[in-house]
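Here's my sequence, what's the structure:
(one chain, ligands or ions: 1)
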Amino acid sequence: MSHPRSARGVLLRLKFNLVLLAIFVLSLAGAGVYYYRFLEQGAFGDVRHDSQVMMETALAIRSYTTDQIKPHLDPLNADRFLPQTVPAFAAVETLRRLSGRYPGFEYREAALDPTNPRDRATTWEAGLIEQLATAQAKAPRDEVELSGVHGTGVARAMYVARPITISDPSCLSCHGDPALAPPSMQKVYGRNGGYGWQMGQTIGMQIVKVPMLYPLEKARSTFYSFMLSLVAVFGLMFLGLNLALSAMVIEPMARLNRRLEELATTDFLTDLVNRRRFFERLAAEMADARVHGTSLSVVMFDLDFFKRINDTFGHDSGDRVLKHTAVRIRELLRSSDCAARFGGEEFMILLRETPIDAAMALAEAVRAKIADAPFEVVGTVSASFGVAEWNHDEDAHALINRADRALYQAKDRGRNRVVRASDAPVQRVLVPMEGSEGI
Ligand SMILES: Nc1nc2c(ncn2[C@@H]2O[C@H](COP(=O)(O)OP(=O)(O)OP(=O)(O)O)[C@@H](O)[C@H]2O)c(=O)[nH]1
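Presented below is the predicted three-dimensional model:
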């Protein structure tokens, strides 16, 4: 009987843990998706910020070159062209030093028809310049900017691009009519590119690239640490809740169930098992005996003239006789035997692996144990016994009926004796009592 109880505990724990696991998996998935997006957005934000800073740095270098360097060095340009006086050159060269320290950070000024061939736009850059030119033409006064992600894997980078649109007429002194351009410049770059520019024309773009690999990897490792700590917290919670479940629910419930089971199967007066439990044990022992081909006997006995004891000494004295009878029976039984108070002053003993002769001997010992020593207050008490061995064909009722008939024969023959049951089945049907159904 302990198996179904522990099975109930296991089932309860299993259900509880499944619910817990489902909640955890859902929470983990929800928190994971939310947190990963949050970190990814943070990484994009950082990269965007870095690219803006870099773009502003390039603009600062450009304007410093135009305002502070170019005016001083321009007189020298007549003899020997100094590219350092060109704002684009100054910005590109300065920020190139930065990429030595921060690999992947790039600044470029790409043009469709550049003076310096190294500034020639790639196909992808040319497409961007077209887009910027279109946007700038639509909104000539606005600060146009395009940004996005370009490249894959390690080369994946965020770019920010701004158009280079001719707004200063002085630009045309070098890039308008080639005949008017400084000869020293033409000596360096030739006359093939970078001329014929118009005011308001978008001739190229400034483009900044900031690598995404590091911020995204940082976001990913933060994400894995977070998820790992969530799993660890859940593991501890899982353990704690299981311990609490055992201590606060499963164990008390099991104790309560054991107590209820005891109450439901024990006779409160004698502490022997009751009729219901006896039939359960009998069914189990019969099944076992059938499988193993062993013998099984029952001893049924009834105290003699018990009504007289009650009437003479009072009901409480009768109760004490019942109690002490149980004590005397117990002293003679093996732990594998089962004694029950069957009802009133009637008792039953189930003897496993016991043939009829051994059962008769045991019944005789019980009879002597009751009859030979007087009970307190009431004195000598005797009992009559019926003993039957199960024949492996009959059901529990037929076996009990045979023992019952033998018991009545013992009464008929003068009481205080043991009678062996006949092998013939009893025609008379016992009225089934509580707990005997279905046996
Ligand atoms: N004190 C006490 N008496 C009980 C209890 N249960 C049944 N009895 C009494 O047991 C008596 C049984 O009487 P009977 O069935 O006439 O049997 P008997 O007097 O023992 O006579 P025989 O069985 O023929 O020897 C009745 O008086 C019941 O009231 C109980 O729990 N306590």
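
Could you check which helix or strand contains whatever residue of the chain ends up closest to the ligand?
Distance from the ligand to each residue of the chain (C-beta to the nearest ligand atom) is smallest for Gly318, at 2.7 Å. All C-beta atoms are positioned from the backbone trio N, CA, C, and that covers glycine. For Gly318, the element it lies in under DSSP states H and E is helix 315-332.

ok so, going back, could you list every residue that touches the residue of the chain closest to the ligand?
Gly318 makes contact with 306, 309-310, 345, 378 under the criterion C-beta atoms under 8 Å, 6 or more residues apart in numbering.

where does the nearest residue to Leu282 once chain neighbours are set aside land on pLDDT?
In space, and not counting its chain neighbours, Leu282 is closest to Ala396: 5.2 Å by C-beta to C-beta, 6 or more residues apart in numbering. The per-residue pLDDT reported for Ala396 equals 95.

wouldn't Ala396 be in contact with Ala284 here?
No - contact between Ala396 and Ala284 fails when scored by C-beta atoms under 8 Å: they sit 10.8 Å apart.

So if I had to pick from those two, which one is more boxed in?
Neighbour count, other C-beta atoms under 10 Å: between Ala396 and Ala284, Ala396 has more, with 18 against 14.

Can you tell me which residues in the stretch 301-439 of the chain are near the ligand?
Residues of the stretch 301-439 of the chain lying close to the ligand (C-beta under 6 Å from any ligand atom) are 302-308, 310, 315, 318-319, 322, 344-345, 411.

Mind doing that once more with 8 Å?
Where the stretch 301-439 of the chain comes near the ligand, counting by C-beta under 8 Å from any ligand atom, the residues are 302-311, 315-319, 321-322, 343-345, 384, 411, 415.

Which of those are buried, as a ChimeraX select command?
ChimeraX command restricting those to the buried ones, with burial defined by 16 or more other C-beta atoms under 10 Å:
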select :302,303,304,306,309,310,318,321,322,345,384,411,415
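
Show me where the stretch 201-350 of the chain dips below the pLDDT cut-off.
Scanning the stretch 201-350 of the chain for pLDDT under 70 picks out nothing.

re the thing from before, can I get the helix or strand that the helix holding Gly318 is followed by as PDB, trimmed to CA atoms?
Following helix 315-332 in sequence order, the next helix or strand is strand 338-343 (DSSP H and E). Presented in PDB, the C-alpha positions along strand 338-343 are these (Å, rounded to 0.1, in the frame of the first residue of the first chain):
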ATOM      1  CA  CYS A 338      -2.200 -11.100  10.100                       C
ATOM      2  CA  ALA A 339      -4.800 -11.000  12.900                       C
ATOM      3  CA  ALA A 340      -8.000  -9.100  12.500                       C
ATOM      4  CA  ARG A 341     -11.000  -8.200  14.700                       C
ATOM      5  CA  PHE A 342     -13.700  -9.300  12.300                       C
ATOM      6  CA  GLY A 343     -16.500  -7.700  14.300                       C
END
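
other SSEs contacting strand 338-343?
Here strand 338-343 touches helix 275-292, helix 315-332, strand 346-352, going by 3 or more C-beta pairs under 8 Å, 6 or more residues apart in numbering; DSSP states H and E.

mean confidence for the next helix or strand after the last one?
Going back to what we said before, that points to strand 346-352. Next helix or strand after strand 346-352 toward the C-terminus (DSSP H and E): helix 356-372. Averaged across helix 356-372, the pLDDT comes to 97.

ok, now which ones touch Pro425?
Residues near Pro425 by C-beta under 8 Å, 6+ apart: 394, 398, 401-402.

ok, those vs Glu217, which is closest?
Distance ranking of the contacts of Pro425 against Glu217, using C-beta to C-beta, places Glu394 first at 81.1 Å.

Remind me which helix or strand the residue nearest to the closest one when sequence neighbours are not counted belongs to.
Leaving out its chain neighbours, the residue that sits closest to Glu394 by C-beta to C-beta, 6+ apart is Pro425, at 6.5 Å. Using DSSP H and E, Pro425 sits within no helix or strand.

Phi and psi next, for Pro425.
Main-chain dihedrals, Pro425, degrees, to the nearest 10: phi -70, psi 150.

Just the pLDDT for it.
You'll see Pro425 listed with a pLDDT of 77.

The one 4 residues further on now?
If you check Val429, the pLDDT there is 49.

Just the buried residues of whichever helix or strand Ser225 is part of, please?
Using DSSP H and E, the element containing Ser225 is helix 213-245. Using 16+ other C-beta under 10 Å as the test for burial, helix 213-245 gives 215-216, 219, 223, 230, 234, 245.

which helices and strands does it pack with?
Secondary-structure packing of helix 213-245 (3+ C-beta pairs under 8 Å, 6+ apart): helix 2-64.

Would you pull up how far the helix it packs on lies from the middle of the chain?
Remark: helix 2-64 is offset 17 Å from the chain centroid, using C-alpha atoms, centre = their mean, to the nearest Å.

Next: stretch 234-242.
Here stretch 234-242 is found 10 Å from its chain centre; the criterion is C-alpha atoms, centre = their mean.

that older thread, farthest pair in the buried residues of helix 213-245?
Maximum distance among the buried residues of helix 213-245 (C-beta to C-beta): 43.8 Å, for Pro215 and Leu245.

ok, so what distance separates the spatially closest residue to Val86 that is not a sequence neighbour from Gln52?
Ranked by C-beta to C-beta, 6+ apart and with sequence neighbours excluded, the top spatial neighbour of Val86 is Thr65, at 7.5 Å. Using C-beta to C-beta, to the nearest Å, Thr65 is found at 20 Å from Gln52.

If you count surrounding residues, which of the two has more?
Higher neighbour count among Thr65 and Gln52: Thr65, with 20 against 15, using other C-beta under 10 Å.

hang on, that one packs against Pro83?
No - distance between Thr65 and Pro83: 10.7 Å, which falls outside the contact criterion (C-beta under 8 Å).

residue contacts, the residue minimising distance to the centre of the chain?
The centroid of the chain falls nearest to Leu21 when counting by C-alpha atoms, centre = their mean (2.4 Å). Contact partners of Leu21, counting by C-beta under 8 Å, 6+ apart, are absent.

Next one, pLDDT for it please.
91.

quick one: it and Met237, what's the gap?
From Leu21 to Met237 the distance is 11 Å (C-beta to C-beta).

Could you do Ser221 as well?
Using C-beta to C-beta, Ser221 is found at 24 Å from Met237.

How about Leu230?
Distance from Leu230 to Met237, by C-beta to C-beta: 10 Å.

which neighbours do those two share?
By C-beta under 8 Å, 6+ apart, no residue touches both Leu230 and Met237.

Okay, the residue nearest to Val86 and Val33: tell me how far apart.
Note on Thr65: its distance to Val33, by C-beta to C-beta, is 48 Å.
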